[in-house]
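Novice: my questions are about this predicted structure, shown below with the sequence.
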Amino acid sequence: MNADSLKMASLLTEQRNPRSMNIDRMTTREILALIHSEDYNAFRAVDDQIGNIEKAVEWTVEAFRNKGRLIYVGAGTSGRLGVLDAAECPPTFSSPPDMVQGVIAGGWEALRRAVERAEDFPEHGAEEMRQRNVAFNDVVAGIAASSTTPFVVGALHEAHARGAKTVFITCNPNQDTVPEADAVITLPVGPEVVTGSTRMKAATATKLVLNMITTTAMIRIGKVYQNLMVDLTATNRKLEDRSRRIIVALTDLSYEEADALVKKANGRLKTALVMHYCGMEREEAENHIQEKKGRIQDIIAIRS
């Protein structure tokens, strides 16, 4: 066994789980119960990392306010999770498609099936950062359950050199392979039920963190009012109905009156709410929203 193999064998995510040694002889119910009980470790792993997640969120908020981006980088399951979280932001928060990005080793083909050795070249990760012109106002979050993925290490090295804030999300603590990162979020979920299958607990813990980062950052920049997704433009039936129901929930207007208000606001829910609360016409309301950087709670709190 060579040095690289020995190093890989020492990783927490590569260890055998003593609770699942006989999983191949368990009943279906026993396997399900074991997997479910092990999944609780994904939630526990996040407990001690709130401070580091907070750093990632604050840097992301600052990036968004300065026309910067949050860019996830990963391979395999880690890469797919980053792409998924990025893809969910525009429909949820009406954010521009390039505001949160997911980069996966092997490109779009790797989203559907494994691309052999796509993760093995740090220079490919670095090239992705160059192609995206990563700069000081961006945040790059590398995701690598094992902590050793060369594609991710190369991307973070290049992003750090370009002045971007860098975050490293891993499930292996105390590794000497951690790349240049301003914050390290370590999620020690323990050995997987099926040895090395980090699509399980490791992926669950990672998804929790990604949800926390983007959701909290979007709330901080005004994409949410109270606990409602108000930064939407009614472009289909579902969103048209949701915008009306939100106005009904927040005002004394009927559904029909809310419908008329949204139409007057050109389908923009934030604009409609400021028009209603502040007695403004559409253009004036949109100017105030822009002045407050999208946070309508600051307008309504002052003007209502």
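Specialist: Now that the structure is in, tell me what you want to look at. Numbers count the residues shown, from 1 in each chain.

Novice: switch to C-alpha atoms for all contacts and neighbour counts from now on
Specialist: OK.

Novice: the stretch 101-250 of the chain: strands as residue ranges?
Specialist: Remark: strands assigned in the stretch 101-250 of the chain by DSSP state E, counting those that start in this stretch are 139-143, 165-170, 183-186, 224-225, 228-229.

Novice: average pLDDT across the third one?
Specialist: This points to strand 183-186. On average, the pLDDT along strand 183-186 is 94.

Novice: so which elements touch that strand?
Specialist: helix 50-65, strand 165-170 (3 or more CA pairs under 8 Å, 6 or more residues apart in numbering; DSSP states H and E).

Novice: and with 10 Å instead?
Specialist: Packed against strand 183-186, as judged by 3 or more CA pairs under 10 Å, 6 or more residues apart in numbering; DSSP states H and E, are the following elements: helix 28-47, helix 50-65, strand 139-143, strand 165-170, helix 201-220.

Novice: can you give the strand pairings for that strand, parallel or anti for each?
Specialist: Next to strand 183-186 in the sheet, as set by DSSP bridges, lie strand 165-170 (parallel).

Novice: only alpha carbons, please: show the partner strand as CSV.
Specialist: Written as CSV, here are the backbone C-alpha positions of strand 165-170 (Å, rounded to 0.1, in the frame of the first residue of the first chain):
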residue,chain,number,x,y,z
LYS,A,165,-13.1,34.6,0.2
THR,A,166,-12.8,30.9,0.4
VAL,A,167,-14.8,28.3,2.4
PHE,A,168,-14.0,24.6,2.6
ILE,A,169,-16.7,22.1,3.6
THR,A,170,-15.5,18.7,4.5
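
Novice: check the offset of it from the chain's centre.
Specialist: 12 Å (CA atoms, centre = their mean, to the nearest Å).

Novice: show me the contacts for the residue nearest in space to the middle of the chain.
Specialist: Centroid check for the chain by CA atoms, centre = their mean gives Leu210 as the closest residue, at 3.4 Å. By CA atoms under 10 Å, 6 or more residues apart in numbering, the contact list for Leu210 reads Ile53, Tyr72, Leu81, Gly82, Leu84, Asp85, Ala86, Ala141, Ile143, Ile169, Thr216.

Novice: low-confidence ranges, the stretch 51-200 of the chain, go.
Specialist: Scanning the stretch 51-200 of the chain with the threshold set as pLDDT under 70 gives 174-178.
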